[in-house]
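Peer 1: Okay, predicted coordinates and the sequence, questions at the end:
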Amino acid sequence: MRILLVGYGRMGRTVERLARADGHEVVGRVDPGGAEGTVWPLERAPLELADVAIEFTTPAAAPDGLVALAEAGLDTVSGTTGWGEALPRVADAVRAAGTGLLYASNFSLGVALFLRAARALAGLVDGVGRAGERYDVAIHEVHHRHKLDHPSGTAVSLAEAVLGALPAKQRWAAGPPSGAADPSVLHVTSARVGEVPGSHALLVEGRDDRIELRHDARGREGFARGALAAAAWVRGRHGVFTLDDLLAEAWSGATDAGAAGSGPAPRDARHNDDDEDEDEA
């Protein structure tokens, strides 16, 4: 693939290193922060040379950049979130241009498996709860001290997965409760320390025992590999997709590359784990 990198922070550099190692060509680098070796604005980039764009910028820069990439005819992978309110505008531009966009809060395939396991565990907790054995659940995430947002996008995705399978929890809230905990609220707590790439845990507490389901990232490489896999997948497709679309096709063995995706509601674009200023790794 011939790749245009949009955003040249820590994630962008990792994507470039792995892309070159896999035999792909990076035809240009664009960065709103003016990183060395990049251009800005987007119109100065060699758009015509690229097969696909991989975008890890900031919530402020992403919407206009994604619209411009669509209008330039480029299929795009976006790892920047925090721009959910602009998703309808971006999606309209993508569909009008006949291009493809795949966006995600986390490109780690391990995280995708973790979220599915968490959803299944939450469903089991609901089942035993209705049988009279009550468990309570909470979420805790840890990241490096440079990460600007909290909770992380992955923690939000985890919370939404749990809420979808556990009716006893009606909403999630960031941070510990200010007083006694409301049993209908799923609390999501965060810590920022050292250089932790990213750790997420679903805590299940019972009267007699405790279950903990956890995912620990070892570095940025897992996110970058997922972004490259997403770029190969979205190239030549039409519509708006998420990582779930890629995985559903991979797991089902489907081969229809022409089906248009719709993507979930804009809530999945609220937070970011992988962009250049706030990446997990």
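Peer 2: Received the coordinates, thanks.
Peer 1: so L186 sits right up against A159, yeah?
Peer 2: Yes: distance between L186 and A159: 5.6 Å, which falls inside the contact criterion (CB atoms under 8 Å). The C-beta positions use only the backbone N, C-alpha and C, and glycine is treated the same way.
Peer 1: what do those two both touch?
Peer 2: With contacts defined as CB atoms under 8 Å, 6 or more residues apart in numbering, the residues adjacent to both L186 and A159 are 139, 172.
Peer 1: Flag every buried residue along stretch 43-52.
Peer 2: 45, 47, 50-52 (16 or more other CB atoms under 10 Å).
Peer 1: my bad, should have said stretch 162-169
Peer 2: Counting neighbours by 16+ other CB under 10 Å, stretch 162-169 gives 162-163, 165-166, 168-169 as buried.
Peer 1: just stretch 19-26 next, same as before
Peer 2: Along stretch 19-26, these residues count as buried under the neighbour rule (16+ other CB under 10 Å): 19, 24, 26.
Peer 1: what is the mean pLDDT for it?
Peer 2: The average of the pLDDT scores along stretch 19-26 is 97.
Peer 1: Next: stretch 124-132.
Peer 2: Across stretch 124-132, pLDDT averages out at 81.
Peer 1: List the contacts of that stretch.
Peer 2: For stretch 124-132, using CB under 8 Å, 6+ apart, the contacting residues are 135, 137, 165-168, 204.
Peer 1: got those residues as CSV, with distance to V111 and pLDDT columns?
Peer 2: As requested, the contacts of stretch 124-132 are exported to CSV (distance: CB to CB, whole Å; pLDDT from 0 to 100):
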residue, distance to V111, pLDDT
Y135, 23, 94
V137, 18, 97
A165, 17, 96
L166, 19, 96
P167, 24, 94
A168, 25, 93
V204, 19, 97
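Peer 1: so of those, which ones are in strands?
Peer 2: Cross-referencing the contacts of stretch 124-132 with the strands (criterion: DSSP state E) gives 137, 204 as the overlap.
Peer 1: so which of the contacts of stretch 124-132 comes closest to L5?
Peer 2: Within these, proximity to L5 (CB to CB) peaks at A165, which comes in at 37.0 Å.
Peer 1: Enumerate the positions of the helix or strand bottoming out on mean pLDDT in the chain that are buried.
Peer 2: For the chain, using mean pLDDT, DSSP states H and E, the weakest element among its helices and strands is helix 243-252, scoring a mean of 86. Neighbour-count burial for helix 243-252, with 16+ other CB under 10 Å as criterion, is recorded at 243-247, 249.
Peer 1: Show me where this structure has its strands.
Peer 2: Under DSSP E, the chain gives strands at 2-6, 25-30, 52-55, 75-78, 100-103, 136-143, 171-174, 185-192, 199-205, 210-216, 239-242.
Peer 1: could those strands be laid out in JSON lines, adding distance to A230?
Peer 2: Supplementary listing: those in JSON lines, determined by distance: least, CB to CB, whole Å:
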{"stretch": "strand 2-6", "distance to A230": "12"}
{"stretch": "strand 25-30", "distance to A230": "16"}
{"stretch": "strand 52-55", "distance to A230": "8"}
{"stretch": "strand 75-78", "distance to A230": "5"}
{"stretch": "strand 100-103", "distance to A230": "5"}
{"stretch": "strand 136-143", "distance to A230": "22"}
{"stretch": "strand 171-174", "distance to A230": "26"}
{"stretch": "strand 185-192", "distance to A230": "26"}
{"stretch": "strand 199-205", "distance to A230": "20"}
{"stretch": "strand 210-216", "distance to A230": "19"}
{"stretch": "strand 239-242", "distance to A230": "8"}
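Peer 1: just so I know, which of the ones you listed lies nearest H150?
Peer 2: Once the strands of the chain are compared by CB to CB, strand 185-192 is nearest, at 4.0 Å.
Peer 1: partners of the closest one in the sheet?
Peer 2: Sheet pairing of strand 185-192 (DSSP bridges) gives strand 136-143 (parallel), strand 171-174 (parallel).
Peer 1: Could you pull up phi and psi at the most centrally placed residue in the chain?
Peer 2: By CA atoms, centre = their mean, the chain has its centre lying nearest to S105, at 1.3 Å. Geometry field for S105 lists phi and psi as phi -80, psi -20, criterion degrees, to the nearest 10.
Peer 1: Perfect, I'm done here.
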